[in-house]
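In: here you go, sequence then predicted model.
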Amino acid sequence: MFSTMHSHHPKYSWHHNITEWFVFSIGFWFCSHVVAQGTGFRQLTSTYPVAVQRGTQSRVSVRSTFTLDKSHTALFHKTGTRPDIKMVLAESEPRPAPRVEEKSVGTPFQFHVDVSQNTNPGVYEYRIGTRNAVSSVSHLLVTDYPVIREAPENNATPEMAQPVTIPSAVCGICEDFEDIDCYRFKAVAGQEVTFQIFAQRVTEGIHDMAARIGIHLMDSMLTLIGPDGKPVAENNNFVGGDSFLAYTIHDTGEYVLQVRDFRYAGDPRYTYCVEISDQPFVKHIFPFAFQKGTDSSVEITGYGPKDLKENHIQIDADEPTGRQDRRIETSTGITNPFPILVTDYPNVCEPESYKSKEVPMAISFPMGVNGQLKEKGERDSFSFSAKKNAHYRFETISIDRGLLLDSVIEIHDSSGKLVAKADDGLHTSDALLLFQAPCDGTFYVSLRDLNYRGGERFLYHLRAEHTGPDFEIHGEYYYGMLAPGTHTIWFARIRRLNGFEGAVKLSVEGLPEGVTCTPVTLIPGMQECGLILSAAADAPISATLARVSGKAMIPDAKGTLRETIRFGRVTCEQRRAGASLLRRWPIQTQIVGVTDPMDILKVETTARNIVLQRGGKTVIQIRIERHPEYQDLVQLDMAFTFGSRVFGKQLPPGISMSKESQVRLTENAVEGTIVLEAAPDALPVARLPIACLARVPVTYSIMTNYASAPVFLSVEQHHP
């Protein structure tokens, strides 16, 4: 695990953050320059070329701020697909990788990549496991087209443009401010050509992409220049900050595609791929949500033959729900992949006769409505009957499918009074509203764009359903690493919804061979805990994609208790510009690696069972065993902290670590104490697994957590 000054709240004070950074970076700078070993996670900073053609083998360069020597595993993931991608370290000799923290693009390591023909095109998130550590997130684009790398010669002007062919996937780097890349190709009159850039989509999960304060990811700009040297088309934003162009060639000749950042920004980590194609291309479909076991006609907006425009989407009854990528065979070839949503509930399309919006469309539960806001200022409204104190959930999908609607959901009562409103969901601009009806009656849910925009790509899916007591899982479980015979810890917290106060049993599934998790049950009154991972003494070196899960017995709409399973929402920490500007970004993967011994070989405590009375104290003696090469600072703790801020807790409410604790182990010190004290109103618990932490600073923004074996804590009410 690592600790950085990230903000979990979008309105966290920038001034507070920069002050905290200034105070603590001095101490952590010192630590990062005196450590003898300092094992931290591998920060991947770029992949180049960022695309590989499916059905081929290739070489890519993966840059990391820590060495990738002894890499043994590369793990790929994309929601709704099963990738067949193999990536193996191709370096024949160890490579030094000095840790340079500020604006480091890292050291390049060559990997051999083999992508099966059966792997669907798209962006895949990947992680790397080495014998020493595991990595952060990077991305690889699987493409249909031959990959062409940007040539080393200067291609900054149309006259110096690099020749490319159609179709191709052109991979380059916008490495410096004011960098412009130009590519020349031949086209004939009547040819329909599309240009799709992947820039933000292949770098958005990178830990550190700060090109300059206020400038983070590449904001691409595509400009097409005709044979006469004049621009004929250009685009700035299509999917997020990634651009897209489609152009029907008027005059046979040579054309130039110009690629740059809209702000003329640049950075060695600004890798990109532009797919240049004359194959059929789907921009979007309507509707894009379908119930299992249905065959639906769809309207397709895109480029290609006439048989592309009208088509059918068939969903088998046993299809998994959620996002899928589909393609369509046409008379001139297969289309690009486009996303659809598969649901368990029925879906309807907003009827054209509903144009006036004078009589809101009635909806029932559960139901999905597919609609479009075609005009500026347009608002879609729906009516529903509600029961007093019943819970309802309304959720939109648009931005997360590459569309444009930045949705706002509002609910009014029968008198027109606004009773509920929601804008952004968690880490998304798609709105989510949980509503508890204050009385029986008819209510009206409406949907609009935040800035009252509308147009062709302002499509949406509105999911409406009954809901009730529920929970979500969040926390600090981006990655974990531990040597055989040792322990580490993740931190989880639950968000209780709609009055849910029941017990939730948390664990981790998909762990490497020989690694187990001590399950934790969060009883009523508890929201946070530690998930202690333990590796057997004979656990083999390996890494897997794991995931945090939670189970609870929750009553359904009829009051019958049913087991409900939820999985942890995963985010990574992103350093935007210096330590003062950090945020959370949703990713798909959690990785656990069994590694060679690291800086701390063992964390031992004097107790395995602790019984603490309310108002009482207990002392835990801690002894660590250091790696012979690590003789510097170790910080003992019971929480995931950075400075004065706490990002992960494991102690129950009312239990805290006393200031009497001796937690700073400098130089060769190996012993310390943690004093736990219980408030008079501390929450009673029975055999709650906790662990004592030994934390090693690697750089000012990275700390590696080592943990003791589980200690079982009981808190009892004092009886005189």
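Out: Looks like it arrived, so ask away.

In: okay, how far is it across stretch 331-342, tip to tip?
Out: 26 Å (Cα to Cα, to the nearest Å).

In: could you give me the buried positions within that stretch?
Out: For stretch 331-342, a neighbour-count test (16 or more other Cβ atoms under 10 Å) marks 333, 335-342 as buried. C-betas here are computed from N, CA, C, even on glycine.

In: out of those residues, which one sits closest to Asp316?
Out: Val342 (9.4 Å; Cβ to Cβ).

In: wait, Gln174 sits on Val259?
Out: Rather than Gln, residue 174 is Cys. Yes: the pair Cys174 / Val259 is scored as a contact, 7.0 Å apart, by Cβ atoms under 8 Å.

In: Pro366 is in contact with Val348, correct?
Out: No: applying Cβ under 8 Å as the test, Val348 and Pro366 come out as separate, 11.7 Å apart.

In: follow-up on the earlier one: touching both of Cys174 and Val259, which residues are there?
Out: 181, 272 (Cβ atoms under 8 Å, 6 or more residues apart in numbering).

In: which stretches of the protein have low pLDDT?
Out: Applying pLDDT under 70 to the chain picks out residues 1-38, 99-103, 352-358, 575-582, 699-701, 718-720.

In: now do the domain split for it, please.
Out: 44-132, 147-278, 283-343, 348-470, 478-716 (automatic domain parsing).

In: dump the ones you listed into JSON lines; add distance to His139 as well.
Out: What follows is those, written out as JSON lines (distance: least, Cβ to Cβ, whole Å):
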{"stretch": "domain 44-132", "distance to His139": "5"}
{"stretch": "domain 147-278", "distance to His139": "4"}
{"stretch": "domain 283-343", "distance to His139": "16"}
{"stretch": "domain 348-470", "distance to His139": "16"}
{"stretch": "domain 478-716", "distance to His139": "10"}
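
In: so for Leu141, which of those sits nearest?
Out: domain 44-132 (4.1 Å).

In: please state the offset of the closest one from the chain centre?
Out: Using Cα atoms, centre = their mean, to the nearest Å, the mean C-alpha position of domain 44-132 is found 18 Å from that of the whole chain.

In: do stretch 540-551 as well
Out: The answer for stretch 540-551 is 17 Å, by Cα atoms, centre = their mean.

In: if you count neighbours, what's buried in that stretch?
Out: For stretch 540-551, by 16+ other Cβ under 10 Å, it's 541-551.

In: those in strands, which ones?
Out: Among these, the ones falling in strands (DSSP state E) are 542-551.

In: gap between the residue most central in space within the chain and Glu465?
Out: Residue closest to the average C-alpha location in the chain (Cα atoms, centre = their mean): Ile587, at 1.4 Å. Separation of Ile587 from Glu465 (Cβ to Cβ, to the nearest Å) stands at 27 Å.

In: what is the burial count for Leu479?
Out: Just to correct that, residue 479 is Tyr rather than Leu. 26 (other Cβ atoms under 10 Å).

In: ok, and the closest non-adjacent residue to Leu341?
Out: Ala289 (4.1 Å; Cβ to Cβ, 6 or more residues apart in numbering).

In: tell me how far that neighbour lies from Val282.
Out: Applying Cβ to Cβ, the value for Ala289 to Val282 is 16 Å.

In: who has more neighbours, the two?
Out: Comparing Ala289 with Val282 by neighbour count (other Cβ under 10 Å), the higher total belongs to Ala289, at 24 against 21.

In: please look at that one and Asn347 and confirm they touch.
Out: Yes: in this structure, Ala289 is within contact of Asn347 by Cβ under 8 Å, at 5.1 Å.

In: quickly list what's touching both of these two.
Out: With Cβ under 8 Å, 6+ apart, Ala289 and Asn347 have common neighbours 368, 370, 461.

In: filter these down to the ones in strands?
Out: Among the shared contacts of Ala289 and Asn347, the members found in strands (DSSP E) are 368, 370, 461.

In: in this structure Ile554 contacts Ile565, no?
Out: No: Ile554 lies out of contact with Ile565 (Cβ under 8 Å); the separation is 10.3 Å.

In: among those two, which residue is more densely surrounded?
Out: Shown here are Ile554 and Ile565; by other Cβ under 10 Å, Ile554 has more neighbours (18 against 8).

In: what bridges to that one?
Out: Arg562 (DSSP bridges).

In: quick one: contacts for it?
Out: Counted by Cβ under 8 Å, 6+ apart, Ile554 has contacts 468-470, 500, 502, 561-562, 564.

In: Arg201 should be in a strand, yeah?
Out: No: read with DSSP: H, G, I helix; E, B strand; the rest coil, Arg201 is helix and lies in no strand.

In: wait, what's in contact with it?
Out: 123, 139, 141, 239-240, 242.

In: can you select the buried ones from those residues in PyMOL?
Out: Applied in PyMOL, the following selects the buried portion of the contacts of Arg201 according to 16+ other Cβ under 10 Å:
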select buried, resi 123+139+141+239+242
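
In: ok, so of the contacts of Arg201, who is nearest Leu89?
Out: His139 (18.2 Å).

In: ok, the helix or strand encompassing that closest one: who's next to it in the sheet?
Out: His139 belongs to strand 138-143 when elements are defined using DSSP states H and E. Applying DSSP bridges to the sheet, strand 138-143 is found paired with strand 51-53 (parallel), strand 122-130 (antiparallel).

In: residues in contact with the shortest one?
Out: The list of residues contacting strand 51-53 from outside it, by Cβ under 8 Å, 6+ apart, reads 58, 60, 113, 115, 140-147, 169, 171, 198, 273.

In: could you point out which element follows that strand?
Out: Using DSSP H and E, the helix or strand that follows strand 51-53 in sequence is strand 57-64.

In: and that following strand, what does it pack against?
Out: In terms of contacts (3 or more Cβ pairs under 8 Å, 6 or more residues apart in numbering; DSSP states H and E), strand 57-64 is packed against strand 44-48, strand 107-115.

In: next secondary structure element downstream of it?
Out: That would be, after strand 57-64 and using DSSP H and E, strand 71-77.

In: can you give me the angle that following strand makes with strand 542-555?
Out: With axes from the mean of the first three to the mean of the last three Cα atoms, to 10 degrees defining the directions, strand 71-77 sits at 40 degrees from strand 542-555.

In: what is the nearest of the buried residues of stretch 331-342 to Asp632?
Out: Comparing the buried residues of stretch 331-342 against Asp632 with Cβ to Cβ places Pro339 closest, at 48.9 Å.
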